[in-house]
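**Student:** Provide a 3D model corresponding to the input given below.
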Amino acid sequence: MRIKITADSTCDMSEELLAQWDIALMPMHILMGEDSYLDGVTIYPADVFAYVNAGGKMPKSAAANLVEYTEFFEPFAKECDAVIHISVSSKLSSCFQNAKLAAGEFENVYVVDSQNICTGQGYLVLKAAKWAADGLPPRNITMRLQSLAKRVELSFVLDRLDFMAKSGRCSGVLAFGANLLGIKPALEVIDGELKVVKKYRGSLPICVGKYITDRLVERDDIEDSLVFISSCQPKPGCMDAVKAGLKKYGSFKECHETDIGTTIGGYSGPGTIGIVFARKEK
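**Tutor:** Numbers count the residues shown, from 1 in each chain. So this is what the prediction gives:
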């Protein structure tokens, strides 16, 4: 049975993984000034940073519409026995709703709410591709994904808050105070929504080291099969801090490094870095 795995571009999978597992992405729309771009196709985080730093207004993201999803699914639904699409969290975008409506036009297209973003979503995408390669039937895969979505932990540390402030996701006063005091907030996706869970103070590499320790130390409930390191223009020393923490406190069999894409990176800003793993199934 041939099962095609697809996802929204917000999953931030590397080109190598997409090619290896034959995964297709539906790009988000990025609205910048009077122009509309496609996430990961015609626009990248560096473009957003340059535009905003030059005085432009913070770009906005928009989901693909019903027609776009229908046209996206159609060739895969004809060529394959089944299509499984993993969407960005339904609490953060209308992607899931639009994809679900489009899937109603086909008998063999399944849509799963990842309840996550970035490689929190990507974690499910890679697992789905592996299960499909193992020969699991589509309904079995979707049930596993729905269970896994509740156990994936995505978190990251921001170097600066001005991009979040410009997007309206935090106040400018808060951003100014945090930057002035050297505070680096840690954010986590909880119940499908992005929330600040801790604040660190000091240089970014030191804060990242503390963050990794907090995420992993004395944890016996973490699956050791897979971890993602996701970053957006990481600052010197930060990737080393993450890898040192993973080596000291984790024992993951598989580790992938990926770049945070335009949809998420445009809000989080340069210097953002984080990890993704899953808790063990009880």
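**Student:** mind listing the strands for the stretch 1-150 of the chain?
**Tutor:** Along the stretch 1-150 of the chain, counting by DSSP state E, counting those that start in this stretch, strands occupy 3-8, 24-26, 29-32, 35-38, 60-62, 82-87, 109-113.
**Student:** any idea which helix or strand carries the nearest residue to residue 45 once chain neighbours are set aside?
**Tutor:** Once flanking residues are discounted, residue 45 sits nearest to residue 265: 3.8 Å by Cβ to Cβ, 6 or more residues apart in numbering. C-betas here are computed from N, CA, C, even on glycine. Following DSSP states H and E, one finds residue 265 within helix 262-268.
**Student:** any idea how far the helix or strand following that helix is from the middle of the chain?
**Tutor:** Going down the chain from helix 262-268, the next helix or strand is strand 273-278, by DSSP H and E. Put simply, strand 273-278 sits 10 Å off its chain's centre (Cα atoms, centre = their mean, to the nearest Å).
**Student:** what do you get for stretch 251-264?
**Tutor:** 8 Å.
**Student:** for it, buried residues please.
**Tutor:** Buried residues in stretch 251-264, defined by neighbour count with 16 or more other Cβ atoms under 10 Å: 252, 255-256, 258-264.
**Student:** which two in these are spaced the farthest apart?
**Tutor:** The widest separation within the buried residues of stretch 251-264, taken as Cβ to Cβ, falls between 252 and 262 and amounts to 27.3 Å.
**Student:** centroid residue for this protein?
**Tutor:** By Cα atoms, centre = their mean, the chain has its centre lying nearest to residue 118, at 0.5 Å.
**Student:** now that residue: how far from residue 153?
**Tutor:** Residue 118 is 12 Å from residue 153, where distance means Cβ to Cβ, to the nearest Å.
**Student:** which residues of the protein fall in helices?
**Tutor:** Using DSSP state H, the helices of the chain run over 15-20, 45-53, 66-79, 95-103, 118-133, 138-149, 162-166, 172-181, 204-216, 238-249, 262-268.
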